[in-house]
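[1] Structure here, sequence nowhere to be found:
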């Protein structure tokens, strides 16, 4: 059954997904393949500039993104982005260049190409919940995530500021919960779902990250969550890779697995653990998933 | 610590600089009525000597030197909470970007060197490799910041999980990326861009 795929996207993984967040890339490809959604990686895409570029050089940030958007439009009309930070930068570029003619002309000169902005940029959450749709997703669930209590962590850039990403409500989003309920999981109510993890301060000032993420982990634990779900490699790195350090610093033990949305939905779609990179996590989620009979 | 008294006069209030910030950020500092919601929601306010609402107040009073001399603007993590919650639509996150750009371009006086070093290395990596080369970024940061043992224990664990790539990714667009940097530099020299 190789019917023509109805949904097709130009895939922009972002730098982290090819290195420290390899399991996000792996599980995204596996899940989209299982759902028969087409993902075609943009050939030779490059860094969006992330926070360091827009922090000190807006024109550079806009130009790097605009060139990537231009390359994506040659692959497919819509661009699928997995990283929340890349997603935010691409959306900002669309937002700023569509209303500011001066900046648009400057960017066109910098990339030596017209900026058409004819395509759209979508986060994979949006694609799964709206383009593919919850109804179809419900049909694709082969192994409901029964008994798993998940704390959905949105962080900053998926929803803020309200006029840019337009993914969901900026203070009380439900898109992650909607997807997980469809997959049969429980979600917990908790206080820190929209708080910042410290993002790229993990390189320059890790002590800041450790203080912020400790509060997030504490809140998730207090709400009775078995694990945390994220849609951003920076959030994941700060909560998962740094978790042992956070525990040592604050003399506590969380051992809270941090999973990507695509890993959990992949499990629900019946994909095997090795296709979802569950062995790549620093806090091993497999004992938890085994105890719930999910792997 | 005794605080330096602030004297307000046409001599001490530099409004030109503030206009530049407003122009770059596309937002007006005069709209702020100091409700403090930005600082209440700011995850980094406890690390700053001037929390976000006070930064706007200092701008209203033309006291930008006090802002740039401190660490506050470099401790903003761009989470967009302030801009999201401002009742007067002051885009504080954009103001922070504008302040950082103005400070960065003049090699400003802030002592917050770690964040600026990380930014510089990050941008250099884009120009040299096209994509972030995380291992090099961390290694060079450690050497240049003199923290040779920082995150040393994480290295082998990340490596064993396949999260640390020893070699950088190749990119056929590398020449084009360099041209983008060059064109922007040229535009700035010609006064066509800020």
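    Okay, I see it. Remember, it's a predicted structure, so these values are computed and weren't measured experimentally.
[2] So which other helices or strands are in contact with the least confident helix or strand in chain B by mean pLDDT?
    The weakest-scoring helix or strand in chain B, judged by mean pLDDT, DSSP states H and E, is helix B:154-160 (a mean of 90). The contact analysis (3 or more CB pairs under 8 Å, 6 or more residues apart in numbering or on different chains; DSSP states H and E) places helix B:154-160 against no helix or strand. Placement of C-beta: from N, CA and C, glycine included.
[3] Which other helices and strands does the following helix or strand past it contact?
    Next along the chain after helix B:154-160, taking DSSP states H and E as the criterion, comes helix B:174-189. Applying 3+ CB pairs under 8 Å, 6+ apart, we find helix B:174-189 packed against helix A:58-75, helix A:101-111, helix B:113-129.
[4] domains of chain A?
    In the assignment given by automatic domain parsing, the structural domains of chain A cover A:8-123, A:134-291.
[5] Could you check how far the residue lying farthest from the centre of chain B is from residue B:27?
    Centroid-distance maximum for chain B: residue B:160 at 33.4 Å, with CA atoms, centre = their mean. According to CB to CB, to the nearest Å, residue B:160 stands 47 Å off from residue B:27.
[6] quick one: what helix or strand has residue B:68 in it?
    Using DSSP H and E, residue B:68 maps to helix B:64-69.
[7] Could I get the average pLDDT for the helix or strand following that helix?
    Of the helices and strands lying after helix B:64-69 in sequence (DSSP H and E), the nearest is helix B:81-85. For helix B:81-85, mean pLDDT is 97.
[8] now the angle between helix A:58-75 and the helix or strand that helix B:81-85 is followed by, please.
    Using DSSP H and E, the helix or strand that follows helix B:81-85 in sequence is helix B:92-105. Helix B:92-105 runs at 110 degrees relative to helix A:58-75, counting by axes from the mean of the first three to the mean of the last three CA atoms, to 10 degrees.
[9] quick one, which of the helices and strands packed on helix B:174-189 is nearest to residue B:52?
    helix B:113-129 (16.5 Å; CB to CB).
[10] what angle do the closest one and helix B:92-105 make?
    In terms of direction (the same axes, to 10 degrees), helix B:113-129 departs from helix B:92-105 by 80 degrees.
[11] so what's the nearest residue in space to residue A:272 that is not next to it in sequence scoring on pLDDT?
    Closest residue in space to residue A:272, ignoring its immediate chain neighbours: residue A:295 at 8.0 Å, by CB to CB, 6 or more residues apart in numbering or on different chains. In the predicted model, residue A:295 carries a pLDDT score of 92.
[12] Does stretch A:165-176 reach chain B?
    Yes. With CB under 8 Å from any CB of the partner chain as the measure, stretch A:165-176 is seen reaching chain B through A:170, A:171.
[13] returning to what we had before: quick check: the gap between the residue nearest to residue A:272 and chain B.
    18 Å (CB to the nearest CB, to the nearest Å).
[14] Quick one: classify that residue as helix, strand or coil.
    coil (DSSP: H, G, I helix; E, B strand; the rest coil).
[15] okay but it is in contact with residue A:289, surely?
    Yes. Assessed by CB atoms under 8 Å, residue A:295 is found in contact with residue A:289 at 4.6 Å.
[16] Could you give the number of residues near residue 185?
    The chain I'm using is chain A. 26 (other CB atoms under 10 Å in any protein chain shown).
[17] my bad, chain B
    Burial measure for residue B:185: 13 neighbouring residues, criterion other CB under 10 Å.
[18] ditto for residue B:75
    22.
[19] isn't it right up against residue B:50?
    No. Taking contacts as CB under 8 Å, residue B:75 lies outside contact range of residue B:50: 9.9 Å.
[20] Let me have the domains of chain A in CSV, extended by mean pLDDT.
    Formatted as CSV, the domains of chain A follow (pLDDT from 0 to 100):
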stretch, mean pLDDT
domain A:8-123, 97
domain A:134-291, 97
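[21] a markdown table please, covering the ones you listed and showing distance to residue B:60.
    Output for the domains of chain A, formatted as a markdown table (distance: least, CB to CB, whole Å):
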| stretch | distance to residue B:60 |
| --- | --- |
| domain A:8-123 | 23 |
| domain A:134-291 | 22 |
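[22] Indicate which one of those is closest to residue B:179.
    Among those, if distance is taken as CB to CB, the winner is domain A:8-123, at 7.4 Å.
[23] So what would you say the end-to-end distance of the closest one is?
    By CA to CA, to the nearest Å, the extent of domain A:8-123 from end to end equals 13 Å.
[24] excluding its backbone neighbours, what's nearest residue A:17?
    residue A:25 (3.9 Å).
[25] hang on, the one you found packs against residue A:18?
    Yes. Between residue A:25 and residue A:18 a contact is recorded at 6.6 Å, counting by CB under 8 Å.
[26] Quick one, grab the pLDDT at residue B:146.
    So, for residue B:146, pLDDT stands at 93.
[27] try the one 3 residues further on
    For residue B:149, the model assigns a pLDDT of 89.
[28] what's the helix or strand for the closest residue to it other than its chain neighbours?
    Closest residue to residue B:149 apart from its sequence neighbours, by CB to CB, 6+ apart: residue B:142 at 7.8 Å. Assigned by DSSP H and E, residue B:142 belongs to helix B:134-144.
[29] quick one: that helix to helix B:113-129, angle?
    Between helix B:134-144 and helix B:113-129, the angle formed by their directions is 140 degrees, by the same axes, to 10 degrees.
[30] give me every residue that touches residue A:82.
    Contacts for residue A:82 (CB atoms under 8 Å, 6 or more residues apart in numbering or on different chains) come out as A:11-14, A:17, A:24-25, A:28, A:123-124, A:231, A:233, A:262.
[31] how about a markdown table for those, with secondary structure and neighbour count added?
    Shown next, in a markdown table, are these (DSSP: H, G, I helix; E, B strand; the rest coil; neighbours: other CB atoms under 10 Å in any protein chain shown):
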| residue | secondary structure | neighbour count |
| --- | --- | --- |
| A:11 | strand | 25 |
| A:12 | strand | 26 |
| A:13 | coil | 24 |
| A:14 | coil | 29 |
| A:17 | helix | 22 |
| A:24 | helix | 29 |
| A:25 | helix | 23 |
| A:28 | helix | 26 |
| A:123 | strand | 28 |
| A:124 | helix | 27 |
| A:231 | coil | 28 |
| A:233 | helix | 26 |
| A:262 | helix | 28 |
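[32] of the residues you listed, closest to chain B?
    Of all those, chain B sits closest to residue A:14, with 8.6 Å by CB to the nearest CB.
[33] Leaving out chain neighbours, which residue sits closest to residue B:57?
    Nearest non-adjacent residue to residue B:57, counting by CB to CB, 6+ apart: residue B:34, 6.2 Å away.
[34] Go ahead and confirm the one you found touches residue B:52.
    No. If you go by CB under 8 Å, residue B:34 and residue B:52 don't touch, sitting 10.9 Å apart.
[35] Of the two, which one has the most company?
    The neighbour count for residue B:34 versus residue B:52, taken as other CB under 10 Å, is higher for residue B:52 (29 against 12).
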